[in-house]
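Engineer: Structure, please.
(chains A, B and C)
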Amino acid sequence: MPTFVQVLDFVGTFAFAISGIRLASAKRFDWFGAYVVGFVTAIGGGTIRDLLLDVTPGWMTDPIYLICTGLALLWVILFGKYLIHLHNTFFIFDSIGLALFTVVGVGKSLAVGYPFWVAIIMGSITGAAGGVIRDVFINEIPLIFRKEIYAMACVVGGTCYWLCDSLGMQSYACQVMAGTTVFIVRILAVKFKICLPTLSGHGGEKEER
Amino acid sequence: MPTFVQVLDFVGTFAFAISGIRLASAKRFDWFGAYVVGFVTAIGGGTIRDLLLDVTPGWMTDPIYLICTGLALLWVILFGKYLIHLHNTFFIFDSIGLALFTVVGVGKSLAVGYPFWVAIIMGSITGAAGGVIRDVFINEIPLIFRKEIYAMACVVGGTCYWLCDSLGMQSYACQVMAGTTVFIVRILAVKFKICLPTLSGHGGEKEER
Amino acid sequence: MPTFVQVLDFVGTFAFAISGIRLASAKRFDWFGAYVVGFVTAIGGGTIRDLLLDVTPGWMTDPIYLICTGLALLWVILFGKYLIHLHNTFFIFDSIGLALFTVVGVGKSLAVGYPFWVAIIMGSITGAAGGVIRDVFINEIPLIFRKEIYAMACVVGGTCYWLCDSLGMQSYACQVMAGTTVFIVRILAVKFKICLPTLSGHGGEKEER
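Structural biologist: The predicted model follows:
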């Protein structure tokens, strides 16, 4: 029987894959292209983290991520037209995925002996880099660099993990606290449209390219 | 004297490099840019595979790939205007490259102990990922996600490898069968314009970005 | 007290980060996005090199690169409007970074036992690949493939390293000679607008995509 964390991991992977498949389909990708973009959205962040940490990426040892992306593709093919009504549901799923992936990334980096500042970066890469690859593949400027707080939620959650650990809390408690923080920051950012300031008008436009 | 496989490898690398150099030149890249795009088209898929498998990429141990790309650049500089008449020849070369790279990718993954489902993915990455990097560099949506069956031919060929192996065939016979399958699927796909269905109209367009 | 090379490394990282932050701000990235693009511009080349060489990327063992990028972001936020007047200063800094990163890349590759032809490629990747990732992130065709000689300066410098080493010079002297060569080639290329020829009109435009 799957554990609670495995269920969350499946939900997060499913939500990330759906986000890749939908954006790919808007660009008229075929089924295969949509599957690949969905898969890379789901596992891209973890794969970059694992290459940097020099460990074997998780999806190469367990076919569950391939299967989960296949189910996500099937879902979009069958129920795609109704997905628009489930916007809020998928936003919640996506935020669960972001929270869980961040916590997994921080934990995995600490487990191989890196200090907290590296682990926070790895947690953020795990949560957010898949979306960057997705946007590069569909030839758009990565969304997370411009819209509501997204990757910053990972950084805040990772920092929360650090604080809890410094206070002597158990690793399980640190993970719950960090994940909850990522989730809440992300929900609040979208609900209240909290964005970071931009740098426009700082000389970049006039830079001779 | 080079073996038959080495000759095929050279032909495939040459064809992949030509495809990168021509698309780069259409975007007004300079000679250096065209060389880099050609080289990355040829070795990009194998490099990603080797990073994932944690082995040293082949082009770092044998300068033949650099030399082959240099010859491809020279060819385009000297005979570029006549290349358009060789469209079919290069299509055949490109399909040979796709078939060979897929088989090499599957074989290398099995050799380091991965199961077949990983090896099939690695074969597809070896054959198709170089073209994805090429298209990202020239700032286009990757072709393989939208046009006639390309990477799917690698998946079919890899699955054929698996079936042959399951039937107890020698590894050499499996490779010939798999490579032939990739080649034939790709040729048929282009000849009869066989595309996978797309997902347009499934809610992605209306997604708020 | 930092050594002379550490000061140069800081200057180069700062200049590369500024270049990423300014181009990101021209695309209306938020502060976080600009920071990430600046950081990736500065450390992207070295990270790809280290993944290929199978060693741990430098920025994962020393937080100086994170701090340096943070200072670069602060600088652009505070003084961005005046940066346009410092165009020449930043061009000099950027060229110092290019020279130093190339020399570091060549040296690190030789140290782990690769031959010179691999080391020259790794030096060029260290110097130029960060800018390629930057341009992919801001959804532009990479600048180095089209404008004045940039990555070719790394190749020339790396070749100079090889020649000096072949003549039996000390490794320190080789590095100074190679770095100076990169710097001078780059300065001359921009001052006299030296570009490599392009391949336009060689059949690529008519290629059916």
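Engineer: Nearest residue to the middle of chain A?
Structural biologist: Computing the C-alpha centroid of chain A and ranking residues by CA atoms, centre = their mean puts A:Gly127 first, at 3.1 Å.
Engineer: Tell me the buried residues in the helix or strand it falls within?
Structural biologist: Using DSSP states H and E, A:Gly127 sits in helix A:116-137. Under the neighbour-count criterion of 16 or more other CB atoms under 10 Å in any protein chain shown, helix A:116-137 has A:116, A:118-137 buried. All C-beta atoms are positioned from the backbone trio N, CA, C, and that covers glycine.
Engineer: same question, stretch A:105-113
Structural biologist: Of all the residues in stretch A:105-113, those buried under the rule 16+ other CB under 10 Å are A:105-110.
Engineer: same deal with stretch A:76-89?
Structural biologist: Buried, per 16+ other CB under 10 Å, within stretch A:76-89: A:76, A:80, A:83.
Engineer: avg pLDDT for it?
Structural biologist: Averaged across stretch A:76-89, the pLDDT comes to 77.
Engineer: Distance check, the residue nearest to A:Ile133 when sequence neighbours are not counted against A:Gly131.
Structural biologist: Distances taken as CB to CB, 6 or more residues apart in numbering or on different chains place A:Gly44 nearest to A:Ile133, at 4.2 Å, with adjacent residues excluded. According to CB to CB, to the nearest Å, A:Gly44 and A:Gly131 sit 8 Å apart.
Engineer: for the buried residues of stretch A:105-113, which one is nearest C:Gly179?
Structural biologist: Nearest to C:Gly179 among the buried residues of stretch A:105-113, counting by CB to CB, is A:Ser109 at 34.2 Å.
Engineer: quick check: angle from whichever helix or strand A:Val176 is part of to helix A:116-137?
Structural biologist: Using DSSP H and E, A:Val176 falls within helix A:171-191. Orientation of helix A:171-191 against helix A:116-137 (axes from the mean of the first three to the mean of the last three CA atoms, to 10 degrees) gives an angle of 40 degrees.
Engineer: Run through who's touching helix A:171-191.
Structural biologist: A:91, A:95-96, A:98-100, A:102-103, A:106-107, A:127, A:148-150, A:152-154, A:156-158, A:160-161, A:164-165, A:169, A:194-195 (CB atoms under 8 Å, 6 or more residues apart in numbering or on different chains).
Engineer: Of the residues you listed, just the buried ones, PyMOL syntax please.
Structural biologist: For the buried members of the contacts of helix A:171-191, the matching PyMOL selection, counting by 16+ other CB under 10 Å, is:
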select buried, chain A and resi 95+96+98+99+100+102+103+106+107+127+148+149+150+152+153+154+156+157+158+160+161+164+165
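Engineer: Straight-line length of stretch A:102-122, end to end?
Structural biologist: One end of stretch A:102-122 sits 8 Å from the other (CA to CA, to the nearest Å).
Engineer: So it, near chain B or not?
Structural biologist: No - judged by CB under 8 Å from any CB of the partner chain, stretch A:102-122 and chain B are separated, with a smallest distance of 14.4 Å.
Engineer: now that stretch: how far from the chain's centre is it?
Structural biologist: Its chain's C-alpha centre and that of stretch A:102-122 lie 15 Å apart, by CA atoms, centre = their mean, to the nearest Å.
Engineer: what's next to it, contact-wise?
Structural biologist: A:9, A:45-46, A:49-50, A:52-53, A:55, A:123-127, A:153-155, A:157-159, A:161-162, A:165, A:171, A:175, A:178-179, A:182, C:60, C:63, C:66.
Engineer: how about low-confidence regions in chain A?
Structural biologist: Counting by pLDDT under 70, the ranges of chain A that qualify are A:1, A:84, A:200-209.
Engineer: Flag every residue of it that's near chain B.
Structural biologist: Taking CB under 8 Å from any CB, the part of chain A that reaches chain B is made up of A:21-34, A:36-37, A:47, A:51, A:54, A:56-57, A:60, A:63, A:66, A:76-77, A:80-84, A:136-140, A:143.
Engineer: so of these, which ones are in helices?
Structural biologist: A:21-26, A:31-34, A:36-37, A:47, A:51, A:66, A:76-77, A:136-137 (DSSP state H).
Engineer: Of those residues, grab the buried ones for ChimeraX.
Structural biologist: Per 16+ other CB under 10 Å, the buried members of these correspond to this ChimeraX selection:
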select /A:21,22,23,24,25,26,31,32,33,34,36,37,47,51,66,76,136,137
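Engineer: returning to what we had before: contacting residues for the residue nearest to the centre of chain A?
Structural biologist: By CB under 8 Å, 6+ apart, the contact list for A:Gly127 reads A:45, A:97-99, A:101-102, A:105, A:151, A:153-154, A:182.
Engineer: wait, which of those residues is closest to B:Phe16?
Structural biologist: Of all the contacts of A:Gly127, B:Phe16 sits closest to A:Gly45, with 28.5 Å by CB to CB.
Engineer: orientation of whichever strand or helix holds the closest one relative to helix C:31-53 in degrees?
Structural biologist: Assigned by DSSP H and E, A:Gly45 belongs to helix A:31-53. Helix A:31-53 runs at 80 degrees relative to helix C:31-53, counting by the same axes, to 10 degrees.
Engineer: and helix A:31-53, what other elements does it pack with?
Structural biologist: Here helix A:31-53 touches helix A:4-26, helix A:64-79, helix A:87-111, helix A:116-137, helix B:31-53, helix B:151-166, helix C:31-53, going by 3 or more CB pairs under 8 Å, 6 or more residues apart in numbering or on different chains; DSSP states H and E.
Engineer: and if we set it to 10 Å?
Structural biologist: Secondary-structure packing of helix A:31-53 (3 or more CB pairs under 10 Å, 6 or more residues apart in numbering or on different chains; DSSP states H and E): helix A:4-26, helix A:64-79, helix A:87-111, helix A:116-137, helix B:31-53, helix B:116-137, helix B:151-166, helix C:31-53.
Engineer: Only the C-alpha atoms, please, for that helix, written as PDB.
Structural biologist: Provided in PDB are the C-alpha atoms of helix A:31-53 (Å, rounded to 0.1, in the frame of the first residue of the first chain):
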ATOM      1  CA  TRP A  31       0.400  13.500 -28.400                       C
ATOM      2  CA  PHE A  32       4.000  12.400 -28.200                       C
ATOM      3  CA  GLY A  33       5.200  16.000 -27.900                       C
ATOM      4  CA  ALA A  34       2.600  16.700 -25.200                       C
ATOM      5  CA  TYR A  35       3.700  13.600 -23.300                       C
ATOM      6  CA  VAL A  36       7.400  14.600 -23.400                       C
ATOM      7  CA  VAL A  37       6.700  18.100 -22.300                       C
ATOM      8  CA  GLY A  38       4.400  16.800 -19.500                       C
ATOM      9  CA  PHE A  39       7.100  14.300 -18.400                       C
ATOM     10  CA  VAL A  40       9.900  16.900 -18.500                       C
ATOM     11  CA  THR A  41       7.700  19.400 -16.500                       C
ATOM     12  CA  ALA A  42       7.200  16.700 -13.900                       C
ATOM     13  CA  ILE A  43      10.700  15.200 -13.600                       C
ATOM     14  CA  GLY A  44      13.000  18.000 -15.000                       C
ATOM     15  CA  GLY A  45      13.700  19.800 -11.800                       C
ATOM     16  CA  GLY A  46      14.500  16.600  -9.900                       C
ATOM     17  CA  THR A  47      16.700  15.400 -12.800                       C
ATOM     18  CA  ILE A  48      18.800  18.600 -12.800                       C
ATOM     19  CA  ARG A  49      19.100  18.300  -9.000                       C
ATOM     20  CA  ASP A  50      20.300  14.700  -9.300                       C
ATOM     21  CA  LEU A  51      22.800  15.500 -12.000                       C
ATOM     22  CA  LEU A  52      24.200  18.200  -9.800                       C
ATOM     23  CA  LEU A  53      24.300  16.000  -6.800                       C
END
